[in-house]
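S.K.: Just to be clear, the model below is a prediction. Sequence and coordinates:
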Amino acid sequence: MTAAENVCYTLINVPMDSEPPSEISLKNDLEKGDVKSKTEALKKVIIMILNGEKLPGLLMTIIRFVLPLQDHTIKKLLLVFWEIVPKTTPDGRLLHEMILVCDAYRKDLQHPNEFIRGSTLRFLCKLKEAELLEPLMPAIRACLEHRHSYVRRNAVLAIYTIYRNFEHLIPDAPELIHDFLVNEKDASCKRNAFMMLIHADQDRALDYLSTCIDQVQTFGDILQLVIVELIYKVCHANPSERARFIRCIYNLLQSSSPAVKYEAAGTLVTLSSAPTAIKAAAQCYIDLIIKESDNNVKLIVLDRLIELKEHPAHERVLQDLVMDILRVLSTPDLEVRKKTLQLALDLVSSRNVEELVIVLKKEVIKTNNVSEHEDTDKYRQLLVRTLHSCSVRFPDMAANVIPVLMEFLSDNNEAAAADVLEFVREAIQRFDNLRMLIVEKMLEVFHAIKSVKIYRGALWILGEYCSTKEDIQSVMTEIRRSLGEIPIVESEIKKEAGELKPEEEITVGPVQKLVTEMGTYATQSALSSSRPTKKEEDRPPLRGFLLDGDFFVAASLATTLTKIALRYVALVQEKKKQNSFVAEAMLLMATILHLGKSSLPKKPITDDDVDRISLCLKVLSECSPLMNDIFNKECRQSLSHMLSAKLEEEKLSQKKESEKRNVTVQPDDPISFMQLTAKNEMNCKEDQFQLSLLAAMGNTQRKEAADPLASKLNKVTQLTGFSDPVYAEAYVHVNQYDIVLDVLVVNQTSDTLQNCTLELATLGDLKLVEKPSPLTLAPHDFANIKANVKVASTENGIIFGNIVYDVSGAASDRNCVVLSDIHIDIMDYIQPATCTDAEFRQMWAEFEWENKVTVNTNMIDLNDYLQHILKSTNMKCLTPEKALSGYCGFMAANLYARSIFGEDALANVSIEKPIHQGPDAAVTGHIRIRAKSQVMIPLFESISGQNKGRRNLGLSYFYM
C-alpha cells in the first residue's frame with residue numbers, strides 16, 4: 001500500500017505562502033513562550049515534520065516544556081505530534097525519550113477529564129509500536145469501566161485495534177468485550193463492542209445475538225444496523241443459518257429507523273426468495289418511499305423496487321402490490337412520479353388493470369383542480385401516456401378511459417392534448433366498437449379546442465371516421481359553427497366598417513346616454529373602446545386561426561371536407577342533397593382561398609396550401625372513383641400500416657428486454673444444489689455490503705473488455721519526459737461526477753527531493769477539490785499522489801500544472817518541471833437515451849446552438865457508417881430499424897444522447913451514396929447537431945474527427 005492510500009485520520013490545512021521558521025526560534029517559543037505562543041510553535045513544528053523535516057533537537061524540548069501543560073488545545077496538538085514524529089532510531093529501536101511520552105500517555109488515560117481520556121484512547125488506535133502500548137494495557141482495560149460513555153466506547157475501539165495489530169498484548173480481548181457487551185447499557189458503546197466481535201470473534205457475536213434476539217427491536221438504530229450486517233455475512237457464508245435469523249430480519253422491518261428498514265429489506269431479499277419475504281421487503285420499500293421526505297431517498301428506494309421487478313419470480317409477487325405502489329403518486333416530485341408510473345405499468349396485469357385505471361383517472365381529474373404549474377402539465381402528460389399504454393395492452397379498458405381523456409383535448413397544455421389525440425387516433429383505428437363513442441365525444445369538445453395543432457388532428461379524425469349521414473351532417477355543422485359567417489372576407493370588411501361608424505354601433509349595441517346628468521355631452525374615444533378586443537375574443541376558433549395566418553389548418557380542413565363530401569355522396573341517393581352538400585364544402589374552401597389572397601390575415605396563404613385546397617376543389621368537382629378510393633380507403637390503410645409497424649417495434653423491444661432479464665441455462669450447464677455446496681464455494685458469491693462500499697469509493701469491479709486498448713493502461717497519460725529529473729504519469733479514473741488522478745512521481749536523480757509538490761490547475765467546468773500534500777523523495781524513490789477533481793458539466797475540460805521541489809543541500813531556488821496537459825474525455829459522461837418523436841421535434845425547435853458537420857469519409861456502406869457514428873458518439877438511434885432497412889442510396893436518422901448532468905444532445909444524420917460514381921463511391925452528406933448551449937461542443941468535436949476516430953469518421957465541421 002502506498003503512502004497516498006494509507007488511512008487518513010487528520011486533515012491539516014497548510015498555508016503555502018508562509019516562510020518556514022528556524023529551529024532556534026521554535027525552540028525559544030516552546031521553552032519561554034506563553035500558552036498561545038507554544039500552541040502556534042507546536043502547529044509550525046507539525047507542519048514542518050509533515051513536509052519532511054526531521055527536527056530531532058526539538059523532541060526533548062517538547063517533552064520538558066510542552067508535555068506537562070494541561071491546556072486542552074495543547075494536548076490535542078500533542079496527540080497529532082506524537083502520531084507523526086519518528087519514534088524509532090534508524091536501526092528500528094524505540095527512542096529512549098518515548099519512555100517519558102509513554103508515562104504521559106498513562107497519566108492521560110487516568111485523567112479525571114473524560115475528553116482527555118477519550119481523545120487519548122482514539123490516538124492509541126493509530127499507534128503502530130507495540131513497545132509503547134504494552135505498559136498502557138492495564139489503564140486501557142480500566143477505561144472500560146469509566147462512568148462516561150465517551151470514554152468507554154473509545155476504549156472498545158482502542159482494544160479492537162490493538163487486538164487486530166498486536167494480538168499478544170491482549171489475547172482475551174473478545175471475551176473481555178463480550179462480558180462488557182452483556183452489561184453495557186449505552187447504545188454507542190454496545191454498537192462498537194458488537195462491531196468488534198463481528199470482526200474479531202464472530203461466534204461470540206452470534207452467541208450474544210442469540211441471547212437477545214427477541215429484544216432486537218428495542219435496540220438503538222446504530223446497533224440494529226450492525227446486527228443486520230452480521231446476519232447478512234453469517235447467512236452469506238453459511239446458508240444453513242438462514243432459518244435461525246430470518247425472523248429477526250422480519251422484526252427489523254418494523255424498526256422506527258428508515259436506515260434499518262432499508263438495510264433489513266435489502267438483506268431479506270438476498271437471503272430468501274420466498275414470496276412472503278419478497279412481499280414483506282417490497283411493502284417495506286413502499287412505506288419508506290411514502291414516509292421519507294427526501295426525493296433522493298425516494299428515487300434510491302424506487303430503484304430497489306425496480307431491481308426486484310427484474311427478477312421473473314419476484315415480478316409475480318409485486319403485481320399484487322401495484323395499488324400500494326400507486327400511493328407513491330402523492331409525492332409532488334415529477335421524477336419520482338415518472339418512475340412510479342413506469343413501474344406500475346410494467347407490473348399491471350388483467351387482474352388489477354381496472355383498479356389501476358380508476359386510480360389514474362382520479363389523478364388526471366386532480367390535475368385539473370390544481371393551480372397551473374409546469375410540473376402539473378408534465379404530470380398530466382405522463383398520466384395520459386400511461387392510460388394510453390394500458391388501453392393498448394388491455395383493450396377492454398379503452399371505453400372507460402376515452403371519455404375522461406377526451407376532455408383534455410381542449411386543455412391549454414398542447415403537449416398533454418397532443419398525447420390524448422395520439423391515443424384517440426390509435427384507439428379509433430384499432431377498436432371498431434368504440435368509433436361511435438369517440439366521434440360523439442370528439443364532436444362535443446370540438447368547439448372548445450384552443451390549439452391549432454390539436455384542431456388539425458381532430459379535423460383529420462372526424463373526416464376519416466364519420467361513417468353515418470348524421471355524423472357527417474354534425475361535422476359540417478361544427479365546421480360552419482367554428483368558421484363563423486361566410487363569405488369571410490365580406491363579413492370581416494363589414495365588421496370593420498361597422499366599428500368605424502358610431503351611429504351603427506349605437507343601433508346595434510345597447511342604448512347609451514349621450515347626455516350626462518349635469519347636462520354636458522359625453523364623448524366616446526375609439527382608443528378606449530374595448531369592443532374590438534371583445535370581438536376578437538368572441539371570434540370562432542377556426543376563423544381566428546385563419547385570420548392569424550395559419551393556413552395549414554385550412555389545408556387539413558379541405559381534406560376533411562373532401563372526405564366527408566365523397567362519403568356523403570355514397571350514402572345519400574338524392575341528387576339534390578348530394579349537390580347541396582358538395583357545393584357547401586366547395587364554398588367553404590373557396591371562401592378560405594379568397595381570405596388567404598386578401599390582406600386581412602396577418603400572414604398570406606402559402607403556395608402549398610393553395611395547391612392542396614385547389615386539388616380538393618378539383619376532386620369534388622370531378623368525383624372520380626380513383627380519388628374516392630385514395631381519400632377514403634388508402635389514407636386509413638396508411639395509418640393502419642404505421643400503427644402496426646409501431647406495435648411490432650414495441651413488441652420487439654419488449655422481447656429484447658425480456659431476453660435480457662431471463663437467465664438462459666445451457667443443456668450442459670451444471671446444476672448447483674445449495675445443500676450440497678461446499679462452504680468455500682459459497683464464498684465466491686458477491687458480498688452486497690462489499691459491493692456497495694466499493695461503489696461508494698468508485699472502485700467498482702468491472703469486467704475488462706477483451707480489447708487491450710480498453711484496459712486501464714489506455715487511460716494512463718505521460719506527464720513528463722523520460723529524461724526529466726522527475727518522471728510523472730497519471731491514471732485518470734472517472735467515477736460519475738468525480739475524476740481521480742493517480743499520479744506516479746519518480747525521482748530519477750541521486751539527490752533527495754524535499755517539498756516535492758504537485759501543483760494542478762483546471763480549465764473549463766472542473767474544480768480541484770484539494771491541493772495534494774508535499775512529499776520528500778529519496779534518491780531514485782517513487783510515490784503515488786492522488787488528486788480529486790469535481791466535474792460540473794460536459795464542457796471541455798483540461799487539467800494542467802507542474803511539479804516543484806527543492807534539492808536537499810542545494811542553495812539554488814526551487815526547481816520546476818512543467819507537466820503535459822490532461823484532456824478529459826467527454827464520452828465518460830455521455831449516455832444513450834430515448835425520447836418520443838414529439839419530444840425530439842420540440843427540443844429541436846427549442847435548442848438554439850447548432851453545429852453542421854460535413855461527411856468526408858472512405859466508408860462505402862450507409863448502414864456501416866451510421867453504426868460507426870453511434871459507436872463513436874455513444875448516441876442512440878431513434879429511427880426504427882424498419883425505416884432504415886432496405887437500400888435506396890439515401891439514409892436519414894435521428895440520434896439522441898443525454899449527459900449525466902441532464903444536458904441533451906440531438907443529431908440528424910442525412911447521408912447518401914452517389915450511385916453515379918459507381919459501387920465503391922464513398923458516403924457523403926451532413927450531420928446536423930443541436931444542443932441547448934455550447935457545453936456539448938466536445939461531443940461534436942468527437943463527431944468531427946478531432947479524437948481517436950478521426951481517420952475513420954473523416955468529418956469536417958463549422959459552426960452555424
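M.R.: Cool, got the structure. In this text the structure is predicted, and so the values were computed from the model without any measurement.
S.K.: Which strands and helices lie in contact with the helix ranked longest in the chain?
M.R.: Secondary structure assigned by DSSP state H gives helix 635-661 as the longest helix of the chain. Contacts of helix 635-661 with other secondary structure elements, assessed using 3 or more Cβ pairs under 8 Å, 6 or more residues apart in numbering; DSSP states H and E, are made with helix 414-430, helix 452-465, helix 881-884. Just so you know, the C-beta spots here come from the backbone N, C-alpha and C atoms, and that holds for glycine as well.
S.K.: tell me the contacts of Glu263?
M.R.: Applying Cβ atoms under 8 Å, 6 or more residues apart in numbering, one finds that Glu263 lies in contact with 225, 228-229.
S.K.: Most neighbours out of the residues you listed, which is it?
M.R.: Neighbour counts for these were taken using other Cβ atoms under 10 Å; the highest belongs to Val228, which has 27 neighbours.
S.K.: Kindly provide the distance from that one to Ile290.
M.R.: The gap separating Val228 from Ile290 is 22 Å, by Cβ to Cβ, to the nearest Å.
S.K.: host element of the closest residue in space to Leu109 that isn't next to it in sequence?
M.R.: Of all residues not flanking Leu109 in the chain, Ala139 sits nearest, at 3.9 Å (Cβ to Cβ, 6 or more residues apart in numbering). Element membership of Ala139 [criterion: DSSP states H and E] is helix 137-143.
S.K.: Convert stretch 162-171 to PDB, retaining C-alpha atoms only.
M.R.: This file holds the C-alpha atoms of stretch 162-171, laid out as PDB (Å, rounded to 0.1, in the frame of the first residue of the first chain):
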ATOM      1  CA  ILE A 162      -4.600  -3.300  19.500                       C
ATOM      2  CA  TYR A 163      -6.000  -6.800  19.300                       C
ATOM      3  CA  ARG A 164      -6.100  -6.600  15.500                       C
ATOM      4  CA  ASN A 165      -2.500  -5.400  15.200                       C
ATOM      5  CA  PHE A 166      -0.800  -6.900  18.300                       C
ATOM      6  CA  GLU A 167      -3.000  -9.800  19.500                       C
ATOM      7  CA  HIS A 168      -0.400 -11.000  22.000                       C
ATOM      8  CA  LEU A 169      -0.900  -7.700  24.000                       C
ATOM      9  CA  ILE A 170      -4.500  -8.500  24.900                       C
ATOM     10  CA  PRO A 171      -5.300 -12.200  23.900                       C
END
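S.K.: what sits up against that stretch?
M.R.: Applying Cβ under 8 Å, 6+ apart, the external contacts of stretch 162-171 come out as 124, 128, 130, 133-134, 137, 140-141, 159, 173-174, 176, 196, 199-200.
S.K.: Going by neighbour count, which residues of it are buried?
M.R.: Residues 162-163, 166, 169-170 are the ones in stretch 162-171 that count as buried (16 or more other Cβ atoms under 10 Å).
S.K.: Which elements pack onto the helix or strand containing Ser910?
M.R.: According to DSSP H and E, Ser910 maps onto strand 904-912. Taking 3+ Cβ pairs under 8 Å, 6+ apart as the contact definition, the neighbouring helices and strands of strand 904-912 are helix 837-846, helix 862-873, strand 890-899, strand 924-931.
S.K.: any low-confidence regions in the stretch 501-650 of the chain?
M.R.: 501-538 (pLDDT under 70).
S.K.: Which residues are in contact with Gln441?
M.R.: Just so we're on the same page, residue 441 is Lys rather than Gln. Lys441 sits next to 402-403, 406 when contact means Cβ under 8 Å, 6+ apart.
S.K.: Now do the same contact list for Ile249.
M.R.: Taking Cβ under 8 Å, 6+ apart as the criterion, Ile249 is in contact with 228, 231, 264, 267-268, 271.
S.K.: give me the number of residues near Ile289?
M.R.: Neighbour count for Ile289, taken as other Cβ under 10 Å: 24.
S.K.: just checking, it touches Ile300?
M.R.: No. Counting by Cβ atoms under 8 Å, Ile300 is not a contact partner of Ile289; they are 9.4 Å apart.
S.K.: What about the contacts of stretch 162-171, which are in helices?
M.R.: Here DSSP H is the test, and those give 124, 130, 133, 137, 140-141, 159, 173-174, 176, 196, 199-200 as lying in helices.
S.K.: I'd like the residues you listed laid out as CSV, including neighbour count, distance to Tyr805 and pLDDT.
M.R.: Formatted as CSV, the entries for the ones in helices among the contacts of stretch 162-171 read as follows, by neighbours: other Cβ atoms under 10 Å; distance: Cβ to Cβ, whole Å; pLDDT from 0 to 100:
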residue, neighbour count, distance to Tyr805, pLDDT
Leu124, 23, 35, 89
Ala130, 13, 36, 86
Leu133, 21, 36, 88
Met137, 15, 43, 91
Ile140, 22, 42, 91
Arg141, 16, 47, 91
Ile159, 29, 42, 93
Ala173, 21, 45, 90
Pro174, 20, 48, 89
Leu176, 17, 49, 91
Met196, 25, 43, 89
His199, 13, 41, 86
Ala200, 18, 44, 86
